[in-house]
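Chemist: quick one: sequence plus predicted model below, questions after.
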Amino acid sequence: MRLVLLAALLVAALPVFAAAPARPARLGLCAACHGETGMAQMPGAPNLAGQRLDYLRNALAQYHDGRRDVAVMRAAIGPVSDAELDALARWYSAQPPAPQARP
């Protein structure tokens with residue numbers, strides 16, 4: 001029984017030990033507005049740190065193909081490959097979000 005419990009605890013801890021994603025080559029492209037760690041550098045730009053990976057992938061795909069028609073985003077990621085967009089989504093989803101302010 002103890003062995004089963006230990007195995008379950010180890011499996012549950014695996015995500016904690018997963019390697020952080022590598023810094024994407026195109027990070028500077030996004031960091032100008034969204035910050036290198038996903039904390040926005042300019043007013044109106046959303047924080048990306050800690051966003052769900054599937055959300056970021058979907059949003060980037062929509063900017064890339066025009067379903068989300070935001071000129072600055074289309075210009076910024078127009079020449080970026082799908083693999084590079086995936087690396088950016090992985091990077092930002094792995095960054096810790098800002099702590100919530102207490103009222």
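Modeler: Structure received. Numbers count the residues shown, from 1 in each chain.
Chemist: make it CA atoms for all contacts and neighbour counts henceforth
Modeler: OK.
Chemist: low-confidence ranges, this protein, go.
Modeler: 1-18, 101, 103 (pLDDT under 70).
Chemist: show me where it has its helices.
Modeler: With DSSP state H as the definition, the chain shows helices at residue ranges 2-17, 27-34, 53-65, 71-77, 82-94.
Chemist: can you list those in CSV and add mean neighbour count and distance to Met42?
Modeler: Below are those laid out as CSV (neighbours: other CA atoms under 10 Å; distance: least, CA to CA, whole Å):
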stretch, mean neighbour count, distance to Met42
helix 2-17, 10, 31
helix 27-34, 16, 6
helix 53-65, 17, 19
helix 71-77, 14, 14
helix 82-94, 20, 17
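Chemist: just want the most central residue of this protein.
Modeler: Taking CA atoms, centre = their mean as the criterion, Tyr92 is the residue nearest the geometric centre of the chain, at 2.3 Å.
Chemist: check the gap between the closest residue to it other than its chain neighbours and Ala98 for me.
Modeler: Closest residue in space to Tyr92, ignoring its immediate chain neighbours: Ala49 at 5.1 Å, by CA to CA, 6 or more residues apart in numbering. Using CA to CA, to the nearest Å, one gets 8 Å for the distance from Ala49 to Ala98.
Chemist: neighbour-wise, which of these two wins?
Modeler: When Ala49 and Ala98 are compared for neighbours, Ala49 comes out ahead with 22 against 13, by other CA atoms under 10 Å.
Chemist: distance check, that one against Met39.
Modeler: Between Ala49 and Met39 the distance is 6 Å, computed by CA to CA.
Chemist: now do the shared contacts for those two.
Modeler: Taking CA atoms under 8 Å, 6 or more residues apart in numbering as the criterion, Ala49 and Met39 both touch Pro97, Ala98.
Chemist: the helices of the chain: which one's closest to Pro43?
Modeler: helix 27-34 (8.7 Å; CA to CA).
Chemist: my guess is Met39 contacts Ala98, does it?
Modeler: Yes. In this structure, Met39 sits in contact with Ala98. The criterion is CA atoms under 8 Å, and the distance is 7.5 Å.
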